[in-house]
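**Student:** coordinates only, sequence not included:
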C-alpha cells in the first residue's frame, strides 16, 4: 500500500498479507491505523507509538500521530481537559451509548474509560472498555462492523456519553441491527420469539409498510388496508402523492393553520414512503443522502473535519 | 374528583386541595396514581397498597390495582419472570436509557432496579433508581415532565434497558430537551457555550432550516443559500416541491433505479421541511400525527394497550 493512499486514515483497513509503510509526514491529524495479521509494519517518524498492549488475537492497534508535533500537543491538552471534566465512576468508567446518526436507533451500550473516549476521539471508531476482559475494545475490531463516530456528547452530569455515528453493518454480535431486540411488551404477551426493535415513529412506519409489501402475495379477505391498495396500484399511488403535495403547498399558498400543514406533511411523507418501499429503497439511505448533501457542507462538519479529521 | 374520571389512570394527576376517592373496580389494569400534598385519599378495595416509603417532600405514590385479582396476579407473575431474566449488577441495577419515540432523541440515562422497571411497566412513566438518594424516582415527579413509556426493550446481554416514550416536556433539569447538550467536538474547538444536541440527520436538517429562517432578517452579501432563497420565495418553494414530487413519481412510472428514488425522496423531504418550517411547524408534530394514525391502530399498540393499559 502506497503511503499516498493514507491521507484520510480513518477509512483505512489493511488486510493481510500487505506490507504497510507509513510516513507520518503525510498524516494531517492523529488517527488510528488498524493492521491485521501478516502485515509488516514500518513507521518512519519519531513521534509515534505502537500499542502492543492492544493485541487481541492477531490484530495490532497502531497510533501514528501527525508530525505537526505542537498542534497535536495542543489538541491532546484539550482532549485531556475534556476527559478531566467527565465524572468517571469509582472504577474510572462512564456509560457510553452508540446511536445511529441517520435512523436514531440506539445500537448498543457499553462502558468507556478515559482511554476509550480518547481513542474514539482520535480514531472516530466507537471504542469501549470491556469490564469482563479488562481491556479496551473497538466495536468492529473482530467483525469489521465499526461504528464511525461523527460526534460525541456528554450529559448534564458529565457521567454519560453518546457516540453518534454510522455503523458499517449490524452492531449486535447476533447479527441484529441493534442489541435491543427484546421487547418487554412482547415478553409479557408471551411473544417470546418476536424480535422487535425499539422503533421510533419513522422507522416503525417504514417497517409497517415493508411488512404490508411482504404480504402482497397472500390473498386477503375483507377490505384491504390503504397501504395495500397503494402498493398494488402504482397509478393510484402516484396520483395520491401528487394530490397530497398539492394540499401541502396550498396550506402555505392559502395561509391555512400550521396544524393543517403538519397533517398534510404527514400524508406526503407516508405516501412517499410507500413509493420508496415499492422501489426497495430505505429511509436510512434517504437520510444518509440528505446528511451528505447538507451536513458535510455545514459548519458542524467543517469543524468536525478540522478537529477529528 | 369523580371516580368516573379515573378510567384511564395513567394520565391522572391530582393537585391540591382535592379529595381523591378511587373505587378500584373502575380500574381495568394496574396503574399508579400520584397524589400531591393536601389530598385526602380513600381507596375502596382490599387489594391495594399505599407505598409511603416513596414519600418525597409532600408526594405520595399510590398503587391501586385492578379488582380482577387473578388476571393481575398472572401479569405480576409474568413481570417477575421478565425481571428475573435481567442481569442486574452487583448493586441490583441496570442502565436505563430514555428515548423519544418520535424524534429518536436520547433524552436521559439513569439506572433502574427491579422495582423501577416494575413501576415503569405498571405506570407507563419512566422510573429510575437514584443512586445518590437511594430511592426510586419517576422522571417528572417534581417537574411534571413525565416520560410516557410506550415500550421497554432489553439488550442482548439483558443488562441494559431502553424506555421508549414520549416526554411531556423538556427532560433535563436545566430545561433542555435532552440531557446531552454538550458536544465534545465543540469543547475541543473551544465552543464552550454552544449548546448542541446529538441531532440525528432529520433533526439536524430541520435545525439547519430553522436557523436559516432565523437569519432571514439579517442582510447577506454574496450568493444566498438555496434554503434562504426558498424561504424568501413561497412561489419558488411550492413550484420546487411539486417538481420534486413529480420527479419522485417518475422514478416509479419510468422504472428508474432505486438510488434515484432515494435521491428524489430526499429532495421531496427537504423541500417539504422548508415549507413546514416556514409555517412554524415541527417534524416532531408530523411524526406524532403519523404515530397516532398508524401505530395506534396497529397490532403492537393493541398489544401494548392490552398489557399496559
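**Tutor:** Nice, thanks for sending it over. Since the structure is predicted, the reported quantities are computational estimates derived from the model, not experimental observations.
**Student:** ok, which stretches of chain A are helices?
**Tutor:** Under the criterion DSSP state H, chain A carries helices at the ranges A:69-85, A:114-123, A:184-188, A:201-214, A:226-232, A:234-253, A:258-278, A:283-290, A:299-308.
**Student:** So what's the residue count around residue A:243?
**Tutor:** Other residues lying near residue A:243 total 14 when counted by other CB atoms under 10 Å in any protein chain shown. From N, CA and C alone the C-beta is placed, and that goes for glycine too.
**Student:** Which among the helices of chain A is found nearest to residue B:109?
**Tutor:** helix A:114-123 (15.6 Å; CB to CB).
**Student:** residues in contact with stretch A:78-90?
**Tutor:** Contacts to stretch A:78-90, defined as CB atoms under 8 Å, 6 or more residues apart in numbering or on different chains, come from residues A:94, A:113-114, A:117-118, A:121, A:154, A:157-159, A:161, B:184, B:187-188, B:190.
**Student:** Please work out the residue of the stretch 1-150 of chain A nearest to chain B and name it.
**Tutor:** Nearest residue of the stretch 1-150 of chain A to chain B (CB to the nearest CB) works out as residue A:104 at 2.4 Å.
**Student:** Compute the number of surrounding residues for that residue.
**Tutor:** Applying other CB under 10 Å, we find 28 residues neighbouring residue A:104.
**Student:** Least confident of the helices of chain A, on average?
**Tutor:** Of all the helices of chain A, the minimum mean pLDDT falls on helix A:299-308 (a mean of 38).
**Student:** quick one, what contacts the residue of the stretch 1-150 of chain A closest to chain B?
**Tutor:** So residue A:104 contacts A:200, A:202-203, B:99, B:103-105, B:200, B:202 (CB under 8 Å, 6+ apart).
**Student:** Identify the farthest-apart pair in those residues.
**Tutor:** Pairwise distances among these were taken by CB to CB; the largest, 14.5 Å, belongs to B:99 and B:202.
**Student:** ok, those two, which is more surrounded?
**Tutor:** Taking other CB under 10 Å, residue B:99 and residue B:202 do not tie; residue B:99 has more neighbours (29 against 25).
**Student:** now, which of the contacts of stretch A:78-90 sits nearest residue A:233?
**Tutor:** The closest of these, once distances to residue A:233 are taken by CB to CB, is residue A:161, at 48.4 Å.
**Student:** how far away is the closest one from residue A:131?
**Tutor:** 15 Å (CB to CB, to the nearest Å).
**Student:** So between these two, which is more surrounded?
**Tutor:** More crowded of residue A:161 and residue A:131, by other CB under 10 Å: residue A:161, with 26 against 13.
**Student:** what is the more buried one paired to in the beta sheet?
**Tutor:** Residues in a beta bridge with residue A:161, per DSSP bridges, are residue A:96, residue A:154.
**Student:** Contact partners for it?
**Tutor:** Residue A:161 touches A:86, A:94-97, A:112, A:117, A:152-155, counting by CB under 8 Å, 6+ apart.
**Student:** How about residue A:153?
**Tutor:** By CB under 8 Å, 6+ apart, the contact list for residue A:153 reads A:161-162, A:164, B:180-184, B:197-198.
**Student:** Show me the domain layout of chain A.
**Tutor:** As recorded under automatic domain parsing, the domains making up chain A are A:3-67, A:83-196, A:199-278.
**Student:** Just say which of these is most tucked in.
**Tutor:** Among the domains of chain A, ranked by average contacts under mean count of other CB atoms under 10 Å in any protein chain shown, first place goes to domain A:83-196 (a mean of 20).
**Student:** Turn the contacts of residue A:153 into a markdown table, columns for distance to residue A:136.
**Tutor:** Putting those into a markdown table (distance: CB to CB, whole Å) gives the following:
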| residue | distance to residue A:136 |
| --- | --- |
| A:161 | 15 |
| A:162 | 19 |
| A:164 | 20 |
| B:180 | 23 |
| B:181 | 27 |
| B:182 | 23 |
| B:183 | 23 |
| B:184 | 18 |
| B:197 | 28 |
| B:198 | 23 |
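**Student:** Farthest pair within the residues you listed?
**Tutor:** Greatest spacing in the contacts of residue A:153, by CB to CB: A:161 and B:197 (14.3 Å).
**Student:** Let me know the pLDDT of the nearest residue to residue A:184 once chain neighbours are set aside.
**Tutor:** Using CB to CB, 6 or more residues apart in numbering or on different chains and skipping residues adjacent in sequence, the residue nearest residue A:184 is residue B:152, 3.9 Å away. Note for residue B:152: predicted pLDDT of 95.
**Student:** Name the residues that touch stretch A:265-272?
**Tutor:** A:205, A:230, A:237, A:240-241, A:244-245, A:247-248, B:245, B:248, B:265, B:268-269, B:272, B:275-276, B:281, B:286-287, B:289-290, B:293-294.
**Student:** what's the spacing between residue A:145 and residue A:107?
**Tutor:** Counting by CB to CB - residue A:145 and residue A:107 are separated by 10 Å.
**Student:** Give me the common contacts of those two.
**Tutor:** Common neighbours of residue A:145 and residue A:107 (CB under 8 Å, 6+ apart) are A:167, A:171.
**Student:** and stretch A:123-136 with chain B, contact?
**Tutor:** No: counting by CB under 8 Å from any CB of the partner chain, chain B has no neighbours in stretch A:123-136; the shortest distance is 9.6 Å.
**Student:** likewise stretch A:278-298?
**Tutor:** Yes: for stretch A:278-298, a contact with chain B is found by CB under 8 Å from any CB, at A:278-282, A:285-291, A:293-295, A:298.
**Student:** Next, the buried residues of that stretch.
**Tutor:** Residues of stretch A:278-298 classed as buried by neighbour count (16 or more other CB atoms under 10 Å in any protein chain shown): A:278-279, A:281-291, A:294-295, A:298.
**Student:** ok, residue A:251 to residue B:274 distance?
**Tutor:** 13 Å.
**Student:** now residue A:268
**Tutor:** 13 Å.
**Student:** go on, residue A:222?
**Tutor:** Distance from residue A:222 to residue B:274, counting by CB to CB: 41 Å.
**Student:** Likewise for residue A:278?
**Tutor:** Residue A:278 is 26 Å from residue B:274, where distance means CB to CB.
**Student:** Surely residue A:258 touches residue B:280?
**Tutor:** Yes: with contact defined as CB atoms under 8 Å, residue A:258 counts as touching residue B:280 (5.3 Å).
**Student:** quick one on the thing from earlier: and which of the contacts of residue A:161 is nearest residue B:210?
**Tutor:** Nearest to residue B:210 among these, with distances taken as CB to CB, is residue A:153, at 19.9 Å.
**Student:** Give me the phi and psi for residue A:113.
**Tutor:** phi -110, psi -180 (degrees, to the nearest 10).
**Student:** Would you confirm that it contacts residue A:119?
**Tutor:** No: assessed by CB under 8 Å, residue A:113 is found out of contact with residue A:119, at 9.9 Å.
**Student:** so what's in contact with these two at the same time?
**Tutor:** residue A:136.
**Student:** For the stretch 1-150 of chain A, which segments count as strands?
**Tutor:** Along the stretch 1-150 of chain A, counting by DSSP state E, counting those that start in this stretch, strands occupy A:13-14, A:19-22, A:31-35, A:40-43, A:48-56, A:59-64, A:94-100, A:106-112, A:127-130, A:135-138, A:147-154.
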